[in-house]
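In: next come a sequence and a model predicted from it.
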Amino acid sequence: MGAEKVAFYLFSVLTLGGGVAILYSIKLMRAVVYLLTSLFGVAGLYILMGADFLAAVQVLVYIGGITVLMVFGLMLTGPGQFRNPDDRRLKAVSSGVSSLAAAVALLLIIRRTEWLSAASGGLPSEGTTASIGHLLLTRHVFAFEVASILLLVVLIGVALFIRLARRS
Amino acid sequence: MITLQEYLTVAALLFAVGLLIVLYRNNAISILMGVELMLNAANLNFVAFSRHLGDMGGQIFALFVIVAAAAEAAVAIAIIVLLYQNLGSVDVEKAHNLNG
Amino acid sequence: MNGIFFPYLIAFALIILFLKSREKLALAVSLLASGVVLVSTAILFFRHHGLAVQSDMPLPPVTYTVDWLITRSATFQFGYLVDSLTVLMLIVVEAVSFLVQLYSIGYMKGDPSRARFFAYLSLFSAAMTGLVISPNLLQTYIFWELVGLCSYLLIGFWWHKPEAAAAAKKAFVMTRFGDLGMFLGLLMLLYYKGNAAFVDFASLGLEAGLATCISLLLFCGVIGKSSQFPLHVWLPDAMEGPTPVSALIHAATMVVAGVYLLSRAAPIFMASQTAMSVIFIFGAVTAFLAATMACVQRDIKKVWAYSTISQLGYMVLAFGAGSSQASMFHLFTHAFYKALLFLSAGSFIHHAHSNDIIDIAKKGGRGMIITYGTMIVGAIALAGIYPFSGFWSKDAILVAVKAMGNPVGFGFVAFTGFLTAYYSFRVVFLIGRNQSPHAPGGHGDHHGDSPLTMTGPLMVLAAATIGVGFWEGAFGHYLAGAAHGPIHWDVAGPSLILAGLGIVLAGASFGWNLNEEGVVDRLPVMDIPRKKYYLDDFYLWVTHRIVLGCSFLCAYIDRHFVDGSVNGVSDTVRWMGNQWSRLQSGQIQLYLNALVLMFSVMGLGIYFAVKF
């Protein structure tokens, strides 16, 4: 078994395991930590796939930003109520069935589709950062600008939101 | 070599787990976590295809997805906090004013 | 000729539409219409009679029709038929209508709806005229119903009186029963022969069974309209209407429509011996029972009402005995003297403000000379005393009955004659005897008699009553070409003796004392006639038990099953809606769940469809 494969399995287990752990956790703070783990796993997978810049952004933004945000949210809204699992059997079954159906559908499609053969050359081996930067400012500059506007709007909006709520 | 299908499989399974969390858990923040997982699954798909096809567009797109996810998470947390202030709880089963 | 009833219709329409408040004008219009029609009838009569005398045989009928309703199986025509029978009936109808309208001016004075009354009178005359000139059975039926409607309107003229409204309803409903039979007979005739025109009846060639069936069905209509037993109960109640109405409709014209029908459709009836016997029996029974009931009434109008029923029975039994002429002649004479009796009763009532005979007597009835005198004339005619008209027509009837050869029947009819004389003179004596406790000799005539508009018609009718009788021979000749007949003393003799006995009994009971009850009244058997032979009770029982029972059943079914199923449908829909709305729980996770499931299934489906 090559090291690549081992790494792949490791990171996959981390990702999926973290996800499943979120499902079963009772204490929400633990759930946030499991989320964190899962996101780390995803970052690892990115590195395996050769997207180094993206992995760094993932860690910075997702883990460093969003997860912290969730912790804040948890702090502000309390630990949540514990529900007796027996009352929730119908919900468990129905959600299990739905997601199982979705998974099966996706997996079938993945398995049976004849994907195009791999492109030759693959990704640049010296790192993707430069090419991403270049592309952002040439081909995808418009999307880049819109994304920054989006962030600005969200910033203002949320602040306004909270302020209005506090007034009423 | 790790094939495309293997990466796609992981992404699909991650998506299913995220979906399960969204459908099952009744704490609003837990649902948000599930949503993030689903987004990540989609990102994995993008990057996998980008690698397979040798096109950087996939990674660019994944980047923008991360940006959007961040924005959306911020707004979502704000709404959840307000919901807590109005309803007294963040249990989504308690927020059923649209029923009937 | 065709538009002979148009003046009446125009009068009716005008009054109803425009003149309800302009009373004097309404009266004038109506009276004018009546006068015009009367004059044209008189002209028609003289010409027709002149022609008949010239040719010395009954004239063939003159018909004029238009095709009105054309269907595959039969064509219905509308028009008129004029022959001697028509002319005679027209004389009766128009003359009595005119006199009654004249009389009503005085009688209905002070009534706020006087204009409406004249409108209805005009409408009735229009309908009756139309009935008389009908050339076929269908048109007769149409006008028959219209006449029934007018009867309803006029009986219930004072509709705020609950008894009047009930009586009007009773009349209409009971005659409807008879009309049902008549309509069935009409339909049978149309179905089997396709032709309902009177002129063709003689040549129809009906075999006996069919003729019996149709005759009996048509006779049902006669039973209803001409008030034979057992459908006679509406006529006494119909006295709730104003007296001119009673005189016009329930003595002289509408009720005789049935008798007229018998004579018109004679070929059909005479084709079946069974039907003729049945008709005779019904007529005889009616005559007898009604006469008994007339003997115990205290209301003067009711006496004459039962008398009318009895005399109608005479007309019917005369026809049943085979003599259509005797039947029609009796109709003719009866119309005049019965109208006279009713109008004179009305005059008494108008004066005494009460229908009760004793009250009338107490309030000085015998002082109203013209009224009382003409009433005596009418009573004599009714009792059948020579030489008044009633004698002649009764004589003709008895001759026909004797010719049947049935001694029981003859005795029955003759005994009824005795009763007739008794009850009519009972009224005469009750009013005529000296009621006043003070000095004898008319203490009560300081009020005097009724106005001329009321007494005038009385006098005219009295003259007619006296004079018409002498026309008997010519009548028969005019009608059907029979020869003039001498007086049949073998029949007239016993009838006169019986009549005389009746008068004597009445006089002995009431003439010389102040009794309110006579010998006859005290007979225990007379309780049955007094209770109207329990017939009304029977009808009421039937209605309540059977008819209303069915109604309740139907109402129950309607409410529970019919409404139930309709409501059930809506309830089911609402229930389903409620169930569906439970899906809209407001829980987003549920919606999302359903969405994902749906899309996955769709995806799988497409996948498998594409794959294979």
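Out: Thanks, I have the structure now. Numbering: from 1, shown residues only, chains lettered A, B, ... in the order given.
In: alpha carbons of the helix or strand of chain A with the lowest mean pLDDT, as CSV, please.
Out: When the helices and strands of chain A are compared on mean pLDDT, DSSP states H and E, helix A:129-137 comes out lowest with a mean of 86. Output of helix A:129-137 as CSV, limited to C-alpha atoms (Å, rounded to 0.1, in the frame of the first residue of the first chain):
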residue,chain,number,x,y,z
THR,A,129,-1.2,29.7,-5.4
ALA,A,130,0.3,31.6,-8.2
SER,A,131,-2.1,30.3,-10.8
ILE,A,132,-5.1,30.9,-8.6
GLY,A,133,-4.0,34.4,-8.0
HIS,A,134,-3.4,35.0,-11.7
LEU,A,135,-6.8,33.6,-12.6
LEU,A,136,-8.6,35.6,-9.9
LEU,A,137,-7.4,38.8,-11.4
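In: what does it contact?
Out: A:52-54, A:124, A:144, B:56-57, B:59-60, B:63 (Cβ atoms under 8 Å, 6 or more residues apart in numbering or on different chains). Quick note: C-beta positions are derived from backbone N, CA and C, even for glycine.
In: make a markdown table from those residues and add secondary structure to it.
Out: Converted to a markdown table, the contacts of helix A:129-137 look like this (DSSP: H, G, I helix; E, B strand; the rest coil):
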| residue | secondary structure |
| --- | --- |
| A:Asp52 | helix |
| A:Phe53 | helix |
| A:Leu54 | helix |
| A:Pro124 | coil |
| A:Phe144 | helix |
| B:Met56 | coil |
| B:Gly57 | helix |
| B:Gln59 | helix |
| B:Ile60 | helix |
| B:Leu63 | helix |
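In: buried ones among these?
Out: A:52-54, A:144, B:56, B:59-60, B:63 (16 or more other Cβ atoms under 10 Å in any protein chain shown).
In: residue contacts, B:Ile77?
Out: With Cβ under 8 Å, 6+ apart, B:Ile77 has these contacts: A:69-70, A:72-73, B:29, B:32.
In: just those residues now: which is nearest chain C?
Out: Closest to chain C out of the contacts of B:Ile77 is B:Leu32 (13.0 Å), distances taken as Cβ to the nearest Cβ.
In: tally of neighbours for residue 156?
Out: I'll assume chain A. 10 (other Cβ atoms under 10 Å in any protein chain shown).
In: wrong one, I was asking about chain C
Out: Neighbours of C:Gly156 using other Cβ under 10 Å come to 22.
In: state the pLDDT value of it.
Out: Looking at C:Gly156, its pLDDT stands at 87.
In: apart from its chain neighbours, what residue comes closest to it?
Out: C:Ala168 (3.1 Å; Cβ to Cβ, 6 or more residues apart in numbering or on different chains).
In: for the helix or strand containing the one you found, packing partners?
Out: Applying DSSP states H and E as the criterion places C:Ala168 in helix C:162-193. The contact analysis (3 or more Cβ pairs under 8 Å, 6 or more residues apart in numbering or on different chains; DSSP states H and E) places helix C:162-193 against helix C:137-155, helix C:208-225, helix C:234-237.
In: just say which of those is most tucked in.
Out: The highest average neighbour count among the helices and strands packed on helix C:162-193, using mean count of other Cβ atoms under 10 Å in any protein chain shown, belongs to helix C:234-237 at a mean of 24.
In: so who does residue 94 touch?
Out: You didn't pick a chain, so chain A it is. Residues near A:Ser94 by Cβ under 8 Å, 6+ apart: B:23, C:593.
In: should've been chain B
Out: Here B:Lys94 is in contact with B:Leu87 (Cβ under 8 Å, 6+ apart).
In: pLDDT value on it, please?
Out: 82.
In: count of neighbours near whichever residue of chain A sits closest to chain C?
Out: Nearest to chain C in chain A, going by Cβ to the nearest Cβ, is A:Ala101, at a distance of 3.7 Å. By other Cβ under 10 Å, the residues close to A:Ala101 number 20.
In: check which helix or strand residue 36 maps to.
Out: Answering for chain A, as no chain was given. Here A:Leu36 is assigned to helix A:28-48, by DSSP H and E.
In: switch to chain B, please.
Out: helix B:28-53.
In: again, but for C:Leu458
Out: Using DSSP H and E, C:Leu458 sits in helix C:452-468.
In: what does chain A have sitting close to chain C?
Out: A:91, A:94-95, A:97-99, A:101-102, A:104-105, A:108-109, A:112 (Cβ under 8 Å from any Cβ of the partner chain).
In: got a list of what the residue nearest the centre of chain A touches?
Out: With distances taken as Cα atoms, centre = their mean, A:Leu39 lies nearest the centre of chain A, 5.9 Å away. Listed by Cβ under 8 Å, 6+ apart, the contact set of A:Leu39 reads A:18, A:58-59, A:62-63, A:67, B:36, B:40.
In: mind checking how far it is from B:Val75?
Out: Separation of A:Leu39 from B:Val75 (Cβ to Cβ, to the nearest Å): 20 Å.
In: same question for C:Ala196.
Out: Distance, C:Ala196 to B:Val75, using Cβ to Cβ: 93 Å.
In: for C:Thr65, helix, strand, or coil?
Out: strand.
In: pretty sure it sits against C:Phe76.
Out: No. Counting by Cβ atoms under 8 Å, C:Phe76 is not a contact partner of C:Thr65; they are 9.4 Å apart.
In: returning to that earlier point: make TSV from the helices and strands packed on helix C:162-193 and add distance to C:Val413 to it.
Out: Formatted as TSV, these follow (distance: least, Cβ to Cβ, whole Å):
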stretch	distance to C:Val413
helix C:137-155	28
helix C:208-225	19
helix C:234-237	21
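In: so which of these is nearest chain B?
Out: Per Cβ to the nearest Cβ, nearest to chain B of those: helix C:137-155, 58.8 Å.
In: quickly find the element holding A:Gly96.
Out: Using DSSP H and E, A:Gly96 falls in helix A:89-112.
In: please spell out which residues along that helix are buried.
Out: Buried residues in helix A:89-112, counted by 16+ other Cβ under 10 Å: A:91, A:94-95, A:98-99, A:101-103, A:105-108, A:110.
In: CA atoms of it as PDB?
Out: Provided in PDB are the C-alpha atoms of helix A:89-112 (Å, rounded to 0.1, in the frame of the first residue of the first chain):
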ATOM      1  CA  ARG A  89     -38.000   7.300  16.200                       C
ATOM      2  CA  LEU A  90     -40.200   8.300  13.300                       C
ATOM      3  CA  LYS A  91     -37.900  11.200  12.500                       C
ATOM      4  CA  ALA A  92     -34.900   9.100  12.700                       C
ATOM      5  CA  VAL A  93     -36.300   6.500  10.300                       C
ATOM      6  CA  SER A  94     -37.500   9.000   7.800                       C
ATOM      7  CA  SER A  95     -34.400  11.100   7.800                       C
ATOM      8  CA  GLY A  96     -32.300   7.900   7.600                       C
ATOM      9  CA  VAL A  97     -34.300   6.700   4.600                       C
ATOM     10  CA  SER A  98     -34.000   9.900   2.800                       C
ATOM     11  CA  SER A  99     -30.300  10.300   3.200                       C
ATOM     12  CA  LEU A 100     -29.800   6.700   2.400                       C
ATOM     13  CA  ALA A 101     -31.700   7.100  -0.800                       C
ATOM     14  CA  ALA A 102     -29.600  10.200  -1.700                       C
ATOM     15  CA  ALA A 103     -26.400   8.300  -1.000                       C
ATOM     16  CA  VAL A 104     -27.400   5.300  -3.000                       C
ATOM     17  CA  ALA A 105     -28.400   7.500  -5.900                       C
ATOM     18  CA  LEU A 106     -25.100   9.300  -5.800                       C
ATOM     19  CA  LEU A 107     -23.000   6.300  -5.400                       C
ATOM     20  CA  LEU A 108     -24.700   4.500  -8.200                       C
ATOM     21  CA  ILE A 109     -24.100   7.400 -10.500                       C
ATOM     22  CA  ILE A 110     -20.500   7.600  -9.500                       C
ATOM     23  CA  ARG A 111     -19.900   3.900 -10.000                       C
ATOM     24  CA  ARG A 112     -21.600   3.400 -13.300                       C
END
